[in-house]
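Visitor: Using only what follows, build the 3D model:
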Amino acid sequence: MKAQLYSARTASAKITPTRPGVRSSLSYSYQQESAATMKEAVNTDFPVHCRVTDTDHFLKIMFPVEDTLVDAIWKKVKVAHHPQSRWSAFPESVAKEDELYGAFVSVANAIHNAAEELCPHHPGENTARLGGSTTWVDYHSKSPNSVDKDIARIRPDCLLAHSLLHDRVQTLPPDDATGVIWWLQIVAALEMKRNDKEKWEGVVKQLIGYLRQILREQLDRRFVFGFTLGPRCMAVCLHDRSGVLLTSTPIDIHKSPKDFIRIIAAFAVLAPDKLGFDPSMKIYVQPNEVVESYRLTSETALDVFATDSYKKRWVITLNDGTQYLTVKVMSVARARVMRGRATLVWAVVRFVNGRPGTEVFVLKQSWRPETVKSEGELYNEAKGSDCSHLGRITLCEDAVIDDMVDRTGSFIRAGLSASLPPGDNQERGTKRARAESEEPFLHVASTNDDEIERITTPRKREYVSRVHTRVIMSTYGWPLKYFATLKELLSVFLNGVQGHAYLYENGLLHRDISAGNVIIAWWPDEGAGTLRSRGCLIDFDRSKMGNRNPKTLPHIRIRNPLTEEQIANRLFMVSDFLSEEVPLPVSVKPEVIPPAHDVTRDHHNYTIAAIKYSLAFPPAQENYTITTDRLGWRMVEQCFDFTTSMSAPDNGKDGLKGSRTGTPPYASAEILGRVKYGTISAEVEYHDAIHDIESFLWIMVNICLTRSGPGGARRDELTGEGTGHEMLRKVVYHVFDSDNDTLILNKQHLFATPSAFEQDIVGNFHPYFHSLKPLIRQWFGLLHLAYAHHELYEYHTLHQRVIAMLEKAVATAPFEDDDDNVAKILEKRQKEIAQLLLPSDTGSKSVAAHLDSSPTATISQTHSQQRVPTSPPESPMRKRPRK
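Guide: Numbers count the residues shown, from 1 in each chain. Take a look at the predicted model:
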C-alpha cells in the first residue's frame, strides 16, 4: 500500500500548520551551503536579526580613537589626499564600480599608515595591536576558496587583510586547493556600490554574507566589522552573535573626512579584542609555539591553515589561566549562524607548560541568551552530579575580557540602543545535507532537495543580548548511531531515559532530546573496548526549571459519586465490548471503573483504550484479568510543576518559559506547531516530559529507518543512485529531513492514524532492527494513549513505563560479543581514545587516561566561573558574574 505523506505546500485542509509569528528556539540540523543557499539564508534572516543604531554614537563607542590622533592624521594626509572638498583618489563621476576599488584602498592605506606612524606600538605595551601587520587590499576580481569545502564561493570587493597571510595567498595558484587560507586573512570586509542611491538593502545583505562567512571560518572571532561604500557614502556594520547592527544614517566620507579617518585608523591602533578577536584562543603549532591566528608567520601559516576547521588545533585559556588543547572537533557547524548560540564543541586535554595532559574532556563554547541560566547553574540545581546517566560538568564560566563579562549587549555593543531597519523581506531558502562524518553529533539529512522539494519558514524574533559561555565536561563518548550491538543501543536508550527521569524528578526538564544529546559514554574504569559503556544524556542549556509544587497525580476529582448500580452498568458495558473485540476470555475488576462521573469527559472510551493497550502489550493470555495494576494505573508524587504558561518569562531560550525548543527532526509536532495532537486548534500550553519521551522514540525510529546495523553505516537504499526505494526515502524525508511545517503535518498524521505508523514507519525498518518492532509499537501506543487522554495515568507514569519496556528489551536482546563487526567497532573506539591522548609530536606509544568519575562532584560558582570544589557546598550558590 502506498504511504500517505503530506507536504506543507499541499497540506490537507484538516491540518493546521505552524501559526505565523510563533517564537522558536529550535536547534538546526547541519546543512551544507552553496553560494545560492548562503544568499537565501541571509535573505531569510535579514528582517529578523538586523538592527540600526545612531551613527555618531556607534562611531564614538565602537571606534574609540583619540580626537587628537584623528586631528593629527587629518593634518598629515589632508594636503596629499584631500586638498579641496573631497578625497582626490575618488572620481567626481563614476561610470563603473571598478573605479572605486583602487581609490578606496589607496586612501585607506594612507590613513592606516599615518595612524601607525603617529601612534607606534612600543615594546613592553600590555596590549598588542594589529597595526602594521594588516593592509587594505582590492580583491574584487578574485573568488576565494574556503577552509570548508562546502563554503560558498563569494568574495568581498575590498578587505583589511593580515599582511603575512595575504602575501602567502598571493604566491598560490588561483585554483590551488591550498588557497583555502583566503578567508582567514580577513580582518574586515567592504562591499562597494557604484551609486549612492542604489538600494541599500541588497548591498548590506551581500556584506552580511561575507561577515557570516568570516565568523564561520575564523573560530576565534567574537564579532566582525564590515562596510558598504559608494562614491560618497559609507555605512558601518557590526556582526556578532546577537545579529547585525548597522549605522542608521550614511557617513559622507568627503564632507566628514574625520569620521572616515576615525573608522580606518581604529584598525591600526585598537587591540585585537576590540576588533572581534577572542584573546583566549590561540593556534597550536607545536609544543613550544602557540600563537594568535593573526600572528602566524608566512612559513607556518600555510601548514596550519591549509586544513579545514575540523583539523586545526586550538589552545583555549580559561578565566583562571588554565589551558586546554583541542584534540578533536566534535561540532563547529553552528559557527555559521547569523544569530544564536553558535556552539563550538571540542574534545580537549589539559595543556600545561607546552605539553598535553592525559585526561580527555569535552569543552563547549557558546553564546547563551543573557536572561537564561547557564548550563552549570541548571546542572547544579538539579543535582546532576548524583546521576551516572548524565554528562558530568566539572566547570562552567562566562568568559571575561578586561575584567568584564564578554556579552554582546553591554560589552561588545556597549549598550547601544537599536531599532528595526526599514523594509521587510521574507524570502525563503533551501539547504542541502553535509557529510555526517564531520558532524556526527548533529542530525544530517538522509534525503536531499534533488529528490523532494522543501521550504524554509522565516522566524520572527526580538533582539537578545548573549553571553560568551564555556562548559567543561569530563564525559566523552560517541553518537548513538555508532552502537556496537543491539543490546548496547537499547542500554544507552535506557540510561538516557533514566537520566531524563532523574532530572525531571529533581525539577529540570531537558527539552532538547536529540541524537547528538544521548551518547555512548566512555568510562575509563570500563574501557573504550568493552560493551559496558553507559548511556549519558548531555547538553542542559535549553532545559527548564520547574516550580516546586508537590502534588499527587493524576488529579482525581470525586464529585457526583457513582452508585453501585451505575458502577455495575459501566462494568457490564466494558465487559460486553471486550467479549466482541477480544477472542480470549477476559474479566474486568470493578476497581477499573472510576468512582465519579467527571474524572474525565469521556472516561468510558479512555477505559476501553487503556484496556486494549494492556491486552496488546504484551499480548493477553487466557484467563486475563484487568486490574488497575495491570493497566499501570497508580498515583505518583510529583514535586515540581512544569505547567507555567509559555508566555511567561523564564529559562526558555530568548527568555520565554516553554518557548519552543528542540531539534526539529526529533521534536514532537505539539512543540513544533503548538497544536495538540488530535485537534485543529487546541494550543499546547507548555513543554512537558511527554514531548521529550516522544523525542527519544523518534531518535530510535530514525536509526531503524536510516542505519543498516552497528557502526553507523547508512542504508544503501538512502545512499545509492538506484530506483526502487523511493517510498523509504520519502518517509525519511517527510518525517525527519523536511521543513518544520512538513514535519508537523506528518507527525500529526501518524498520531491521528496509528495504522499509518505501522505501515509507513515500522514497515520500512531495516531488517537488522526487526526485533525492535514490538518495542517501538508498544512505545508509540503508550504515547498515543497518553496524548489522547491528557493528564491521566499514562501521561504521568511515562518514565516508569518506558524504562520498564527498555529494561525488558535489554534483557531479551541477543549477545553479539563474538561478532567480528563488534570487535572492529570496539577496536576503532580504542584507537580514537589513543589518538586523542597521543599528540603526533610526542612519539609516545602508551596511553594513560583517567577521567574524574567521582559521583559526588558538584559545581561551585565564584563570580563568573563554576568549578568542582574539594568539599561540595551544602547548597549550590547562584552565579554572580561581574558587571
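
Visitor: Sketch out the low-pLDDT regions of the stretch 401-550 of the chain for me.
Guide: Counting by pLDDT under 70, the stretch 401-550 of the chain contains low-confidence residues at 422-461, 524-531.

Visitor: Now residue 357: closest residue in space, sequence neighbours ignored.
Guide: With CB to CB, 6 or more residues apart in numbering as the measure, residue 350 is the residue that lies nearest to residue 357, at 3.6 Å, once sequence neighbours are left out. Using the backbone N, CA and C atoms, a C-beta is placed for each residue, glycine as well.

Visitor: Next up, phi/psi of that neighbour, please.
Guide: Backbone torsions for residue 350, taken as degrees, to the nearest 10, come to phi -70, psi 150.

Visitor: where's it relative to residue 112, distance?
Guide: Distance from residue 350 to residue 112, counting by CB to CB, to the nearest Å: 40 Å.

Visitor: Have a look at the two and say which one is more surrounded.
Guide: When residue 350 is set against residue 112 and neighbours are counted by other CB atoms under 10 Å, the residue ahead is residue 112, at 23 against 16.

Visitor: so which helix or strand takes in the more buried one?
Guide: In the assignment (DSSP states H and E), residue 112 maps to helix 98-118.

Visitor: Then residue 749?
Guide: helix 740-752.

Visitor: Can you mark which positions in that helix are buried?
Guide: Of the residues in helix 740-752, those with enough neighbours to count as buried (16 or more other CB atoms under 10 Å) are 740, 741, 742, 743, 744, 745, 746, 747, 748, 749, 750, 751.

Visitor: Repeat that for stretch 378-398.
Guide: Taking 16+ other CB under 10 Å as the basis for neighbour counts, the residues of stretch 378-398 that come out buried are 378-385, 387-398.

Visitor: Give me the subset of those residues that lies in helices.
Guide: Filtering the buried residues of stretch 378-398 for membership in helices, criterion DSSP state H, returns 378, 379, 380, 381.

Visitor: Go through those and say which is closest to residue 727.
Guide: Out of those, the one with the shortest distance to residue 727 is residue 378. That distance is 42.2 Å, counting by CB to CB.

Visitor: Would you map the helices across the stretch 601-750 of the chain?
Guide: If DSSP state H, counting those that start in this stretch is used as the criterion, the helices of the stretch 601-750 of the chain fall at 603-616, 628-631, 669-673, 689-706, 716-719, 726-732, 740-752.

Visitor: pLDDT score assigned to residue 621?
Guide: The pLDDT attached to residue 621 in the predicted structure is 65.

Visitor: picking that back up, would you tell me what the next helix or strand after the helix holding residue 112 is?
Guide: Once helix 98-118 ends, the next helix or strand along the chain (criterion: DSSP H and E) is strand 134-138.

Visitor: now for that next one, which elements pack on it?
Guide: Secondary structure elements in contact with strand 134-138, counted by 3 or more CB pairs under 8 Å, 6 or more residues apart in numbering; DSSP states H and E, are helix 98-118, strand 158-162, helix 163-170, helix 257-269.

Visitor: quick one, that strand and strand 158-162 angle?
Guide: Using axes from the mean of the first three to the mean of the last three CA atoms, to 10 degrees, the direction of strand 134-138 lies 150 degrees away from that of strand 158-162.

Visitor: circling back to that earlier point, residue 244: which of the helices of the stretch 601-750 of the chain is closest?
Guide: Across those, residue 244 has its closest neighbour in helix 740-752 (23.8 Å, CB to CB).

Visitor: So which elements touch the next helix-or-strand element following the closest one?
Guide: Heading C-terminal from helix 740-752, the first helix or strand you meet, by DSSP H and E, is helix 754-756. When contacts are defined as 3+ CB pairs under 8 Å, 6+ apart, helix 754-756 sits against helix 773-788.

Visitor: Contacts made by the helix it packs on with the rest, please.
Guide: Helix 773-788 has contacts (CB atoms under 8 Å, 6 or more residues apart in numbering) with 609-610, 613, 616-617, 670, 676-678, 690, 693-694, 697, 700-701, 704, 751, 754, 757-758, 761-762, 765, 792, 794-795, 798, 801-802, 805-806, 809.

Visitor: Narrow these to those that are buried.
Guide: Buried subset of the contacts of helix 773-788 (neighbour count, 16+ other CB under 10 Å): 609-610, 613, 617, 670, 676-677, 690, 693-694, 697, 700-701, 704, 751, 757, 761-762, 765, 792, 794-795, 798, 801-802, 805-806, 809.

Visitor: Neighbours of residue 78, how many?
Guide: Other residues near residue 78 come to 12 when the count uses other CB under 10 Å.

Visitor: cool, residue 402 as well?
Guide: 11.

Visitor: Can you tell me how far it is from residue 279?
Guide: Separation of residue 402 from residue 279 (CB to CB) stands at 9 Å.

Visitor: shared neighbours of those two, anything?
Guide: Shared contacts of residue 402 and residue 279 (CB under 8 Å, 6+ apart): residue 273.

Visitor: tell me what the helix holding residue 112 is packed against?
Guide: Under the contact definition 3+ CB pairs under 8 Å, 6+ apart, helix 98-118 sits against helix 67-81, strand 134-138, strand 158-162, strand 186-192, helix 257-269.

Visitor: Between the ones you listed, which one is closest to residue 641.
Guide: Across the helices and strands packed on helix 98-118, the minimum distance to residue 641, taken as CB to CB, is reached by strand 186-192, at 49.8 Å.

Visitor: Return the list of strands paired to that closest one, each annotated with direction.
Guide: Strand pairing for strand 186-192, using DSSP bridges, gives strand 158-162 (antiparallel), strand 224-229 (parallel).

Visitor: rewinding a little: to residue 299, which of the helices and strands packed on strand 134-138 lies closest?
Guide: Evaluated over the helices and strands packed on strand 134-138, closeness to residue 299 peaks at helix 163-170, with 8.8 Å, by CB to CB.

Visitor: All set now, cheers.
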